[in-house]
Structures are given as structure tokens and as C-alpha cells.
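Enquirer: Predicted model and sequence below, questions to follow.
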Amino acid sequence: MILNKSKSLLVLSGILFGLLIFIISPVSTVFSDQDTILEPEISDISGKIVIDGNWTDAQSAGICTGEGSASDPYLIKDKEVNAGGVGNCITINNAYEYFMIQNCTIRNSGTMVDDTGIYIENASNGRIFQNGITNNTYGIFMKNSHNINITYNSIGNDKGIKYSDNCTDMWFYLNSFIGSITYDIYFGNLSSTTYHTPTQFLYTYENENFTNYLGNYWSTHDGGDNNNDGVAENAVVFTGGTIDPIIYYVDRYPLMQTHSNYTLIEPYFPPDPEPDPDPEPKIPGYNMLLLGGVLSISLVIIILKTKQESRF
């Protein structure tokens, strides 16, 4: 009899403890006349560029400037890079210093399966900014890279972008994909890849000011724009490619026009809510403390009652 009561006590105690943990745990293709590739102004014509952990050599050769720091990154700027139909236009490999590719025209990669305008592998701390990338097999291809910011680029290729092999902390927004683009976001650790601005922005679109997150322009996507703020109502959704097609990645704020039609004014942070003019007095965590107290008292009563009964 006492043994059965002890078992019942253990079962009830487990249920009460599980209930407490459960409650306090946290629940965890349409084209328009404006679809043209933006051609940056350039001052230097270059052949293919290859960086393989040798930024200082590239600097000595006049390919880049800078010192590789956050405030003064290695900079490839104002160049027309033409691969002549063979291989990649720009290759960045084994590069962990800060770097930037800015205001370049990047074109005519080879036609092999992974030939690319900008190919980045085993690299981090990069920014690809304000480039015109066209007539390549892929516009941008990244493998096993970290903390790459890709913004304000115009990309016109049969295939736009490709990630693979654990690319993390990628920021990808205010780019324009022009033409017959496939969304090749291949399987990898892409949970931290973001396809829109890190915060909402106050911005100008068609001579009016709006506030929203801003994603990318995809010329093959027509998502509708009911409030005319330049951000489509329907997201761009693409799968994890051929390796794991059930994994989805989303640009939730696709642009209705190319990124050059949006002028960012300043980041927008929603104001704090107005305080309640007559708030009820509350004790922080009061409900959780009350629940824990009730359960604890119930458990003590059960234990005492069981001890009393066991004496008889």
C-alpha cells in the first residue's frame, strides 16, 4: 500500500514539475523598360583578377589599394574585368582580411558549370558594392565564406547567385537581378543569410517617403504593390537547389523596381510604446512566482499527507 502511494507521489510530482517547466519555457515573369544593367563608370581595364591569400602582392601590382582593416579594407575599384570567356572574372580565395569590390564592370566569364563573375571561397569580411555584373554563368558564387555584404549591384546573367558549403552571416539587399534569372541558393548553413536591410529605413520612392525593410529587385517576379511603397506584397521564395530542394529561403521585401529608384534617407526605429497613464501595480514575474508557489505547496501537502498515512 505504502509502495503504491509512493509511486503515485512520484508520478504526480513529475507531472507537476513538467507542467512548471513547460509554462515558463519560451516557445521557441514580368519585364519593364527600366530593366537594364547599371554600368558603373570605370577608369581601368583589367584581365582576370585572382586573389589567393596574397593581397599584398595584388596591392604591389596595382590591383587593389588599402591595408585590409575594417576602416581601410583592400579595395578593388573602378575596373572593367573581362574574363574573355574563360574561367572566373574575379576570384577571392583564402582571404580573411577586410576587402571590398566597388564600382566595377564584371563580365564574360567562361561557360563551364561554375564559371562566375565574382567567385569567393574560404573568405570573410567582404563587401561587394555598386557593381555591374553581366554575361557570366553565375553572377556571384560563394563557398564556405562568412560575413559578406552584397549591396547595390546590378546582375544580368542566366543564373544570378549561388551559395554552398556553409556560407554564414550573409547580407544581401538592394541588388537588381535583370533578365532570365534562376535563384540558385544551394544547400548550406544559410540560416543567418538575410535578404533585406538589417533595419527598416525611411526612404524615397517615386517622390514619396515611406518606411519599410528593403530587399532586392527580381525582374522575373511580379508580387503586386497595393500601397505603392515600392515593396512587393508577395515574397520571392526559392528552394535549397538540387541538394535539398525542400529547404526554402525568402526575400520577404522584394522591390518593384531596380534599386536605383530608391533613395535611403535614414534608418527607422519604431518609437517606444506610450506608457499606461493608470497602470495596475504589477510585480515582475508575478504569475510565474504564483504558479511555482502553488505547485510547491501542493507537493509539500502531498508529501506530509503520505507520511501521516504511512504511520498507520
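Expert: Arrived safely.

Enquirer: Give me the neighbour count for residue 63.
Expert: Neighbour count of residue 63, defined by other CB atoms under 10 Å: 20. (C-beta placed from N, C-alpha, C; glycine too.)

Enquirer: before we move on, what about residue 103?
Expert: Using other CB under 10 Å, the number of residues around residue 103 comes to 19.

Enquirer: What of residue 53?
Expert: Neighbours of residue 53 (other CB under 10 Å): 14.

Enquirer: ok, how many other residues are close to the nearest residue to residue 232 once chain neighbours are set aside?
Expert: Sequence neighbours aside, residue 223 is the residue nearest to residue 232 in space, at 2.8 Å (criterion: CB to CB, 6 or more residues apart in numbering). One way to gauge burial is a neighbour count; for residue 223, by other CB under 10 Å, it gives 17.

Enquirer: Do you know the pLDDT at residue 223?
Expert: You'll see residue 223 listed with a pLDDT of 83.

Enquirer: Equivalent analysis for residue 249, please.
Expert: Looking at residue 249 specifically, the model assigns a pLDDT of 67.

Enquirer: Could you do residue 210 as well?
Expert: According to the predicted model, the pLDDT of residue 210 comes to 97.

Enquirer: Doesn't it lie inside a strand?
Expert: Yes: when classified by DSSP: H, G, I helix; E, B strand; the rest coil, residue 210 is found to be part of a strand.

Enquirer: Test my guess that it contacts residue 229.
Expert: Yes: under the criterion of CB atoms under 8 Å, residue 210 makes contact with residue 229 at 4.2 Å.

Enquirer: residues contacting the residue nearest to residue 232?
Expert: Taking CB atoms under 8 Å, 6 or more residues apart in numbering, we find residue 223 in contact with 232, 233, 234, 235, 236, 254, 256.

Enquirer: Residue 104 now?
Expert: Counting by CB under 8 Å, 6+ apart, residue 104 touches 40, 42, 76, 77, 78, 79, 80, 81, 90, 131, 132.

Enquirer: got any ranges where the stretch 151-300 of the chain has weak pLDDT?
Expert: 158, 180-192, 239-249, 272-295, 300 (pLDDT under 70).

Enquirer: circling back to that earlier point, so the residue nearest to residue 232 is in which element?
Expert: Residue 223 belongs to no helix or strand when assigned by DSSP states H and E.

Enquirer: Look up how far residue 230 lies from it.
Expert: Taking CB to CB, to the nearest Å as the measure, residue 223 falls 11 Å from residue 230.

Enquirer: just residue 269 next, same as before
Expert: 21 Å.

Enquirer: quick one: contacts for residue 131?
Expert: By CB under 8 Å, 6+ apart, the contact list for residue 131 reads 40, 101, 102, 103, 104, 105, 106, 118, 153, 154.

Enquirer: Would you agree residue 96 is in contact with residue 126?
Expert: No: under the criterion of CB under 8 Å, residue 96 makes no contact with residue 126, lying 9.7 Å away.

Enquirer: which of those two has more neighbours?
Expert: Set residue 96 next to residue 126 and count neighbours by other CB under 10 Å: residue 126 wins out with 25 against 16.

Enquirer: Would you map out the domains in this protein?
Expert: Described in terms of automatic domain parsing, the domain architecture of the chain consists of the residue ranges 2-27+287-311, 44-268.

Enquirer: could you dump the contacts of residue 131 to a markdown table with distance to residue 250?
Expert: Shown next, in a markdown table, are the contacts of residue 131 (distance: CB to CB, whole Å):
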| residue | distance to residue 250 |
| --- | --- |
| 40 | 29 |
| 101 | 26 |
| 102 | 28 |
| 103 | 30 |
| 104 | 29 |
| 105 | 30 |
| 106 | 27 |
| 118 | 23 |
| 153 | 20 |
| 154 | 22 |
